[in-house]
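Visitor: Next comes the sequence, and after it the predicted model I'd like to discuss.
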Amino acid sequence: MQFQFSFSNPGIQNGNQLNTSYPTAYSAVPDDWHATGVNAVNVVNVNGVWLPMVFTDSVFTKNDATVPNQAGLLYVGKITLAPAVYAAASQATLANDGVVLSLLRGKNATTAPGSTLASFSFVPGAWSAPPTFSVFEFCFLGDGTGPLQLQLAPLRPGAGTFGGTVGAIVIE
């Protein structure tokens with residue numbers, strides 16, 4: 001199952017990403033995701049596709065619990081990430097910045113709705129232009145409590161830097 005961000009409203013475009021020609025925007029509205037944080041969602045347009053950048057206080061939660069969660073089944077996932085920056089070098093992803101992917105039990109879970117089944121941290125490396133996307137793998141054992149929700153957050157909340165740019169998330 002593949003999870004990608006789409007934006008029916010890509011927000012307010014106001015420049016290009018530092019040291020690239022990629023357009024950036026803030027206050028974007030992701031389809032099928034709930035977002036919180038300063039300007040909610042900062043995005044960058046890489047090769048014609050708007051991608052979310054996880055900022056210092058950004059939290060993105062998939063609206064619906066759609067990740068399969070069969071008891072005893074081992075799931076393997078992949079997330080594609082790159083270092084990120086908007087326009088100010090002081091906000092660029094540092095070597096110890098990253099993104100946390102959490103798998104939350106859905107609101108209809110048979111046990112502890114909203115609790116975390118598994119959480120993973122990924123560090124895409126320090127910003128350099130143009131950004132290089134890397135694929136990170138993770139795995140989790142299903143517990144059968146019901147479908148899961150995806151949530152993305154910064155590894156270092158409050159640091160004032162971007163954790164990374166999110167490409168795709170795949171879970172099989």
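Guide: Cool, got the structure.
Visitor: Name the nearest residue to the residue nearest in space to the middle of the chain, ignoring sequence neighbours.
Guide: For the chain, residue 152 is the residue whose C-alpha lies nearest the centre (C-alpha atoms, centre = their mean; 4.4 Å). The shortest distance from residue 152 to any non-neighbouring residue, by C-beta to C-beta, 6 or more residues apart in numbering, is to residue 60 (4.5 Å). Bear in mind the C-beta positions are built from the backbone N, C-alpha and C, glycine included.
Visitor: and the one you found, bridged to which residues?
Guide: On the basis of DSSP bridges, residue 60 is bridged to residue 35, residue 152.
Visitor: How about the contacts made by it?
Guide: 5, 30, 33-35, 41, 52, 54, 151-153 (C-beta atoms under 8 Å, 6 or more residues apart in numbering).
Visitor: Which of the residues you listed are buried, as a ChimeraX select command?
Guide: The ChimeraX selection below is limited to those of the contacts of residue 60 classed as buried (16 or more other C-beta atoms under 10 Å):
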select :5,30,33,35,41,52,54,151,152,153
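Visitor: What is the nearest of the contacts of residue 60 to residue 101?
Guide: Closest approach between those and residue 101, by C-beta to C-beta: residue 152, at 5.9 Å.
Visitor: Quick one, grab the pLDDT at the closest one.
Guide: With respect to pLDDT, residue 152 has a value of 97.
Visitor: what sits up against stretch 69-82?
Guide: 67-68, 98-99, 101, 103, 105, 117, 122, 124, 131-148, 164-172.
Visitor: rerun at 7 Å
Guide: 99, 101, 122, 124, 131-148, 164-172 (C-beta atoms under 7 Å, 6 or more residues apart in numbering).
Visitor: In strands, which of those appear?
Guide: Judged by DSSP state E, strands contain the following of the contacts of stretch 69-82: 99, 101, 122, 134-141, 148, 164-171.
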